[in-house]
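Enquirer: Got a sequence here, can you build the structure:
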Amino acid sequence: MPLRDTLQLIQDSLVSSTKVGRDCAEIGGYLAMIHPKDPLVWLNYAVPISEPNAEDTTELESHFRGLGRTPRLEFFTDLWPTVEPFLLERGFVCEKRMPVMLLNLLDRKSRVGVHFAREASLDDLAEARYVSNVAFGMPELDPKPDEQAQAALESGRHLASVVEIDGRIVGSGFAVGTTSVREIAGIGTLPEFRRQGIATAVIEELLDRFFRDGGEIAWLTPGDEGAQSLYQGLGFQPIAEQVCYSIPS
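Expert: As a prediction, the model looks like this:
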């Protein structure tokens, strides 16, 4: 499949999952997806859906500000190569550039000896979110899941996996998207339990279920070079770049 077609498929899956429960608006060439209650920046963002222009970008910024949200976008540069100049003109700043890594069903190789993670239940969700909060440096956030998160897990729209040691959840992760394309996200381990293969076990459990149930493409964006090396060891390969842009407060 050509790269642009693959990236469009991934974006369509991401939008399909994210827009559930969001207040969505098409603004020129952008789709804004706003969480109705939570102002956290990574829960409120836009993606290009057709070739936007400078006027669209100005209107998008006004839309976010009118709702009390930080103007923010996430997109694949290989899919939308003309967008960055418009953002820079409006004062947007690139938060980060990340490789997009992909694993196809045909390239999936299950590993032996890492299957000590398990499927998360609704009762596990708060602890799993707490582990992710700690792992990503946000322990002060309330880990209590809202109704949307619970419904996503209960319906199978999101998959969640945990590692439990002595009755305590110490590692967790999620797979979000559609039944055929999912992003592996929120992989986290409590600091005192790192370097024990827990993250690998969580990812493997998610991949096992996803591909077993008809999944075709798993993808992710590593947080750093160490994470990228881990994912490459699991068969993921970099194919493109994702960027995040926002206007600082």
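
Enquirer: show me where pLDDT drops low in the chain?
Expert: Scanning the chain for pLDDT under 70 picks out 110-115, 140-143, 145-146.

Enquirer: Pop the domain breakdown of it in here.
Expert: Domains of the chain are assigned by automatic domain parsing as 3-99, 105-239.

Enquirer: Of the ones you listed, which is nearest residue 247?
Expert: Nearest to residue 247, of all the domains of the chain, is domain 3-99, at 4.7 Å by C-beta to C-beta. Every C-beta, even on glycine, is put in place using the N, C-alpha and C of the backbone.

Enquirer: Return the distance of that closest one from the chain's centre.
Expert: 14 Å (C-alpha atoms, centre = their mean, to the nearest Å).

Enquirer: what sits against the residue nearest to residue 87 when sequence neighbours are not counted?
Expert: Spatial nearest neighbour of residue 87, chain neighbours left out: residue 245 (4.9 Å); criterion: C-beta to C-beta, 6 or more residues apart in numbering. Applying C-beta atoms under 8 Å, 6 or more residues apart in numbering to residue 245 gives the contacts 72-74, 84, 87, 92-95.

Enquirer: Of these, which is the nearest to residue 235?
Expert: Of all those, residue 74 has the smallest distance to residue 235: 24.2 Å, by C-beta to C-beta.

Enquirer: Show me what stretch 51-61 is in contact with.
Expert: Contacts for stretch 51-61 (C-beta under 8 Å, 6+ apart): 27-30, 32, 46, 71, 73, 80, 82-83, 86-87, 89-90, 247.

Enquirer: hmm, try it at 7 Å
Expert: For stretch 51-61, the surrounding residues in contact (C-beta atoms under 7 Å, 6 or more residues apart in numbering) are 27-30, 32, 46, 71, 82-83, 86-87, 89-90, 247.

Enquirer: so residue 186 sits in a strand?
Expert: Yes. Using DSSP: H, G, I helix; E, B strand; the rest coil, the secondary structure at residue 186 is a strand.

Enquirer: Go ahead and confirm it touches residue 174.
Expert: Yes. If you go by C-beta atoms under 7 Å, residue 186 and residue 174 touch, sitting 4.6 Å apart.

Enquirer: So which of the contacts of stretch 51-61 belong to helices?
Expert: Among the contacts of stretch 51-61, the members found in helices (DSSP state H) are 83, 86-87, 89.

Enquirer: Any of these buried? List them.
Expert: Buried subset of these (neighbour count, 16 or more other C-beta atoms under 10 Å): 83, 86-87.

Enquirer: Provide the partner residues of the residue nearest to residue 87 in its beta bridges.
Expert: Residue 245 has these beta-bridge partners by DSSP bridges: residue 73, residue 94.
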